[in-house]
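Enquirer: sequence and predicted structure, then a few things I'm wondering about:
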2 protein chains.
Amino acid sequence: MTGDLIRHHITFMTPHQGADPASPTLDQARRQIARYGLTADPQAVLVAARLMAAGARLGQAGEVHFGRFGLSTGRYRLLSDLEDHGGEKSPSQLAASLGVSRATVTGLVDGLEREGLVARRPSTEDGRGNVVILTARGADKLRDLAPEHFARMQSLVGGLSVEERATFLDLLARVVAGIDALTEG
Amino acid sequence: MTGDLIRHHITFMTPHQGADPASPTLDQARRQIARYGLTADPQAVLVAARLMAAGARLGQAGEVHFGRFGLSTGRYRLLSDLEDHGGEKSPSQLAASLGVSRATVTGLVDGLEREGLVARRPSTEDGRGNVVILTARGADKLRDLAPEHFARMQSLVGGLSVEERATFLDLLARVVAGIDALTEG
DNA sequence: CCCCAATAGTTAGGCACCTAAGCATAAATA
DNA sequence: TATTTATGCTTAGGTGCCTAACTATTGGGG
């Protein structure tokens, strides 16, 4: 029962057909810019808006995807990161490599521990530290979901050729580099 | 990375130089695929993983961005959508155009109403319905944040030329179309 | 040697998002 | 017309993410 707490997310998400509600149009961008007499480039604004919308949709789809396995994106990433590092890591290290706060790691580990996929052990080196370890059940879970997981990841970008994927990867990296520009200043 | 919301815990991250924590590498993808003897294309998996990571980072950066104005991404989108439709719309319509559940709209409107940026009025046509209206304060808020908002949106994609942005927009749209493939089946 | 700053982890409070269940009212049907 | 079904919105409960504050331990400087 506890394992299904996340699963219920997958029932919803009626795939919107036709006009994507969360996908802004060039006209919208133009109108919004014109409304206040600004000089921004509508195309640039459109790309940024579409990107943010895509990110949100992708995030939700990711939750649905991992929900199939009784996991969430965050829990999967933690499990996977643990596996990549010999199945043992401190919460602080996990927070750093996952790019989330330590408080978030506490919550993720709480959930995974309830499911028996990881366990906490006191650190032998640091009296204040813990070590999160991947249990046999956790390793099994990763092994079981791997085939479907990777197949679906592939299908996500299946609409692009190898060359297009390379291009996309390059452009995406440069946009990601621009994220700081969005928050700085 | 994403900004001030997360920046602080980077400061106490182990002075680990190197790769962006939340950005997977090709080697990681290869290793994960090899671990279970799968046949997935590492490049495709990498692109998908990077995209999801980018989406998450972008979402967080967006929260930082809108946080500057005392808003959140969801609240801004609701306000903006309202403005685009004459400043008046029902919660159901808002939910549809924002691509979120009606329950989420209830929460967003609750918050915006507390701030005085929107107001609820009973519908004159449907006894069970409400109408959410943009208040003068809400319109002011949108006007005030517009210059900085659009400037930052532009700077997000400032690293790309006009042609590259067009290419990116096209590729992004095709990946978005592949999102359904991720959840279907 | 002791005190205090830095660090590890958790807890508390907040927002956004979800599903499911609860009301109220409207529309459709018997 | 009366009953059933559908729709509009809210509420309850759950998850992930955050910041800030709190506890415990480590370790450096007076």
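Expert: Looks like it arrived, so ask away. Numbers count the residues shown, from 1 in each chain, chains lettered A, B, ... in the order given.
Enquirer: does residue A:53 really touch residue A:29, like I thought?
Expert: No - with contact defined as C-beta atoms under 8 Å, residue A:53 does not count as touching residue A:29 (12.0 Å). Where you see a C-beta, it was placed from the backbone N, CA and C, and this is true even at glycine.
Enquirer: more crowded one of these two?
Expert: Set residue A:53 next to residue A:29 and count neighbours by other C-beta atoms under 10 Å in any protein chain shown: residue A:29 wins out with 23 against 19.
Enquirer: which outside residues touch the helix or strand encompassing that one?
Expert: In the assignment (DSSP states H and E), residue A:29 maps to helix A:26-35. Outside of helix A:26-35, the residues that reach it under the criterion C-beta atoms under 8 Å, 6 or more residues apart in numbering or on different chains are A:39-40, A:42-43, A:45-46, A:49, B:80, B:83-84, B:146, B:150.
Enquirer: same thing with stretch A:116-130?
Expert: By C-beta under 8 Å, 6+ apart, the residues outside stretch A:116-130 that reach it are A:75, A:78-79, A:82, A:90-92, A:109, A:112-113, A:131-135, A:137-138, A:141.
Enquirer: so of those residues, which ones are in strands?
Expert: Counting by DSSP state E, the members of those that fall within strands are A:131-134.
Enquirer: look up how far chain B lies from residue A:117.
Expert: Taken as C-beta to the nearest C-beta, to the nearest Å, the spacing of residue A:117 relative to chain B amounts to 17 Å.
Enquirer: also residue A:169?
Expert: For residue A:169, the distance to chain B (C-beta to the nearest C-beta) stands at 5 Å.
Enquirer: secondary structure class for that residue?
Expert: Following DSSP: H, G, I helix; E, B strand; the rest coil, we place residue A:169 in the helix state.
Enquirer: residue A:50 versus that one, what's the distance?
Expert: 18 Å (C-beta to C-beta, to the nearest Å).
Enquirer: higher neighbour count, these two?
Expert: residue A:50 (23 against 19).
Enquirer: I figured that one hits residue A:44, correct?
Expert: No - with contact defined as C-beta under 8 Å, residue A:50 and residue A:44 do not form a contacting pair (10.9 Å).
Enquirer: any idea of the mean pLDDT for stretch A:176-185?
Expert: Mean pLDDT, computed over stretch A:176-185, is 81.
Enquirer: output it as CSV, nothing but the C-alphas.
Expert: The C-alpha atoms that make up stretch A:176-185 are tabulated as CSV, following Å, rounded to 0.1, in the frame of the first residue of the first chain:
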residue,chain,number,x,y,z
VAL,A,176,21.6,26.0,-20.0
ALA,A,177,24.6,28.3,-19.7
GLY,A,178,22.2,31.2,-20.2
ILE,A,179,20.2,30.2,-17.2
ASP,A,180,22.5,32.1,-14.9
ALA,A,181,21.8,35.2,-17.0
LEU,A,182,18.2,34.8,-16.1
THR,A,183,18.8,34.9,-12.4
GLU,A,184,21.9,37.0,-12.1
GLY,A,185,22.1,40.8,-11.9
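Enquirer: is it positioned near DNA strand D?
Expert: No - contact between stretch A:176-185 and DNA strand D, assessed by C-beta under 7 Å from any atom of the strand, is absent, since the two come no nearer than 11.2 Å.
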